[in-house]
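# Any chance you could fold what I've pasted below:
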Amino acid sequence: MLHLLSIAGAVALILFGISDLREGLERLFGSRLGWWMQRLASNRLRAFLSGMFIAVPAPSSTTIAALTVQAIQSGQLNSVQALAVMLGANIGLTVTAFLIGLNLDSYAPLLILVGVGLFQYTGATRSRGIGQVLLSLGLIFLAVFLIRQYVDAVIRGAGPDSDLSTLIEIAERHPVWLLIIAAAITMGLQSSTATIGLVIGLMAGGVNSLDIAFASALGANVGLALTALMLGWRQIDSRRTALSNLALKSIVALALLACQGTVVGWVNQTPGTAAQQVAYIHTGYNVLVALVGLPLVPQLALAMERLIPTPPAVHGGIFGPRYITERPSVIPSLALGQSQREIVRVSEIVREMLDDLWVGLKTNNEKLVRVVAQRDDEVDLLDREIKRYLIRLGSQTEGIANSHEQINQLTYLAELESIGDIIDKNLSEIALKKIHLRLDFTPDGWAELDDFYRKVAQNLLIADTAFTTRDRLLAQQLLRHKEHLGIYERELRDRHFARLNSQVWQSHETSAIHLDILTHLKRINSCVTHVGYAIMQSPEGESTPSSLHPRSE
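Now for the predicted structure:
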């Protein structure tokens, strides 16, 4: 009984190591893993390769699943790219299993020593992140060593006719149940690496049954797919992708179980220890899933769209947040991805407000202008809810990279809320005044205002994209546009004054309104370009603190 409790304690140590590894990766890479994934996944093959190579330095199955879900929910990956990323990440994650299978547990104390030294006694975020990752790997290897020792003690204490031998024989005859149990363990631990580590420890300790290891390895991978489904269930695109991944893994797993005897016979002939053969099964299974699934990715995505159709829009319902929840995800990258998507939604509302306001201004549509003003209440509501969400998230996360990202999101959200106020309290009032006084601009005045509005609207769209992708080229473009629009606004004022001097009667009547519109559009553009300063002040691909450029209205 004591040995069984000790094995359970070693499994808990693996779980703690995986959790600590996830935190170390967050500290070391922050949001850059997601950024790299988004930038590299331009097509199906590149998405597959990016998932595979990103999963090697980030050997946490839940982290990779969360990053993929985040990329879908933020709109940076479509379902085809996301599924290809998952297929590649499945292979990259097996590197940790190979390391465990190489009997590196003798180096566990050294990894723990170096890890504690870097994490505890250095101040730099990067060195502390490296230390936390090394410490976590050391704990995982140590846990596998303990499992091996305790399992060996249990087997030596039990005879060939013991209950344990009978239990092993029963397990070998029920591979489907073994698969289900392994999948449930993986979902409970939220880590396929932990489950595989347990299986390797059992094999190294003397449970010399590849049949049990085979079914358990398949179950661990199916459990990982179920975990990704749980993470992405709330959003329809991520749900479709996770279901596609689960369907592929389940079909391949059942097919392999059907010919288990043949496959296990092949594995038995491979060189290496029993622990290494478990790693072979783990990797071979994921390679087979990729070979089967990668050519079928578009067809699977289409099938899931038909199986899970997009629900019709519900009008007249209660307006509120769509992507964030009352309690942020315990995985910071996923939680920040959800808040980012909600902020992008705010940006979409603000852009629609500006576009509709301009239509109402040009067509003297008072009803449309008043509706635009009312939409600012939606912006204010989302602003409050997102701020609460990010504050709650800040209280449960640690790490400079995540803090920077939270500050960036809060700052851009504040700029969007300011733009909404400018449209509501300034431009809408000007539009209503123009409509009530039945005023109009000269053709030249309209042409100039319309051109200036279009440039500001384009900058708002560029800022939205730059905020989502952290694209430094777009940020540079925003900053160039700010300078050019400042010069252009002064030129438009000079042209307007020239028309006043030429005694154009329409310009005299509408002069104040004309100049006020230019002023407030320039204020909007000033808010828009601040996202460019934040991106340019950051290391490439990393979220940064929002030490923004001073506001120049």
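# Pull the number of nearby residues for Leu291.
Residues within reach of Leu291, counting by other C-beta atoms under 10 Å, total 11. Every residue, glycine included, has its C-beta placed from N, CA and C.
# Ile318: what secondary structure?
Following DSSP: H, G, I helix; E, B strand; the rest coil, the label given to Ile318 is coil.
# tell me the contacts of it?
Residues near Ile318 by C-beta atoms under 8 Å, 6 or more residues apart in numbering: none.
# what bits of the stretch 101-250 of the chain have low per-residue confidence?
Where the stretch 101-250 of the chain drops to pLDDT under 70, the residues are 101, 103, 152, 154-168, 190, 204-208.
# how about the helices of it, start to end?
108-121, 125-157, 163-172, 175-189, 192-205, 210-232, 236-258 (DSSP state H, counting those that start in this stretch).
# chain center to the second one, what's the gap?
When you say that, I think you mean helix 125-157. How far helix 125-157 lies from its chain's middle: 29 Å, per C-alpha atoms, centre = their mean, to the nearest Å.
# Ok, the fifth one next?
Offset of helix 192-205 from its chain centre (C-alpha atoms, centre = their mean): 29 Å.
# rewinding a little: go through the helices of the stretch 101-250 of the chain and pick out the most buried.
Compared across the helices of the stretch 101-250 of the chain, helix 192-205 shows the largest average neighbour count, a mean of 28 (mean count of other C-beta atoms under 10 Å).
# packing partners for that helix?
helix 2-29, helix 94-101, helix 125-157, helix 175-189, helix 210-232, helix 274-293 (3 or more C-beta pairs under 8 Å, 6 or more residues apart in numbering; DSSP states H and E).
# what's the closest of those to Asn364?
Between Asn364 and those, the shortest separation by C-beta to C-beta is 46.7 Å, and it involves helix 210-232.
# Only C-alpha atoms, please: export that closest one in PDB.
What follows is helix 210-232, C-alpha atoms only, in PDB (Å, rounded to 0.1, in the frame of the first residue of the first chain):
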ATOM      1  CA  LEU A 210       4.200  -3.700 -24.500                       C
ATOM      2  CA  ASP A 211       0.500  -4.400 -25.000                       C
ATOM      3  CA  ILE A 212      -0.300  -2.300 -22.000                       C
ATOM      4  CA  ALA A 213       2.100   0.400 -23.000                       C
ATOM      5  CA  PHE A 214       0.700   0.400 -26.600                       C
ATOM      6  CA  ALA A 215      -2.900   1.000 -25.500                       C
ATOM      7  CA  SER A 216      -1.900   3.500 -22.800                       C
ATOM      8  CA  ALA A 217       0.200   5.600 -25.300                       C
ATOM      9  CA  LEU A 218      -2.700   5.700 -27.700                       C
ATOM     10  CA  GLY A 219      -5.100   6.700 -24.900                       C
ATOM     11  CA  ALA A 220      -2.800   9.500 -23.800                       C
ATOM     12  CA  ASN A 221      -2.800  11.000 -27.200                       C
ATOM     13  CA  VAL A 222      -6.600  10.700 -27.500                       C
ATOM     14  CA  GLY A 223      -6.900  12.400 -24.100                       C
ATOM     15  CA  LEU A 224      -4.800  15.300 -25.300                       C
ATOM     16  CA  ALA A 225      -7.200  15.700 -28.200                       C
ATOM     17  CA  LEU A 226     -10.100  15.700 -25.700                       C
ATOM     18  CA  THR A 227      -8.200  18.400 -23.600                       C
ATOM     19  CA  ALA A 228      -7.900  20.600 -26.600                       C
ATOM     20  CA  LEU A 229     -11.600  20.100 -27.300                       C
ATOM     21  CA  MET A 230     -12.400  21.200 -23.700                       C
ATOM     22  CA  LEU A 231     -10.200  24.300 -24.100                       C
ATOM     23  CA  GLY A 232     -11.700  25.400 -27.400                       C
END
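# mind checking pLDDT for Pro539?
Listed pLDDT for Pro539 reads 50.
# show me what contacts Thr122?
Thr122 touches Arg128, Gly131, counting by C-beta under 8 Å, 6+ apart.
# what do you get for Arg351?
The contact partners of Arg351, by C-beta under 8 Å, 6+ apart, come to Ala457, Leu460, Leu461, Asp464.
# Which of the helices or strands spans it?
helix 332-363 (DSSP states H and E).
# ok, the nearest residue to Leu135 once chain neighbours are set aside to Ile517 distance?
Take Leu135 and drop its neighbours on the chain: the residue closest to it by C-beta to C-beta, 6 or more residues apart in numbering is Gly115, 2.9 Å away. Gly115 is 60 Å from Ile517, where distance means C-beta to C-beta, to the nearest Å.
# Give me the distance between Arg370 and Phe48.
From Arg370 across to Phe48, the span is 51 Å (C-beta to C-beta).
# Comparing the two, which shows the higher neighbour count?
Phe48 (25 against 13).
# ok and the strand or helix carrying the more buried one relative to helix 94-101, angle-wise?
In this assignment (DSSP H and E), Phe48 forms part of helix 44-55. Helix 44-55 and helix 94-101 are oriented at 40 degrees to each other (axes from the mean of the first three to the mean of the last three C-alpha atoms, to 10 degrees).
# elements contacting helix 44-55?
helix 32-40, helix 61-73, helix 79-92.
# Convert that helix to CSV, retaining C-alpha atoms only.
What follows is helix 44-55, C-alpha atoms only, in CSV (Å, rounded to 0.1, in the frame of the first residue of the first chain):
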residue,chain,number,x,y,z
ARG,A,44,-0.9,24.1,-44.6
LEU,A,45,2.7,22.7,-44.8
ARG,A,46,4.3,25.7,-43.1
ALA,A,47,1.6,25.5,-40.4
PHE,A,48,2.5,21.8,-39.8
LEU,A,49,6.2,22.5,-39.6
SER,A,50,5.7,25.5,-37.3
GLY,A,51,3.6,23.4,-34.9
MET,A,52,6.2,20.7,-34.9
PHE,A,53,9.2,23.0,-34.3
ILE,A,54,7.4,25.2,-31.7
ALA,A,55,6.4,22.2,-29.7
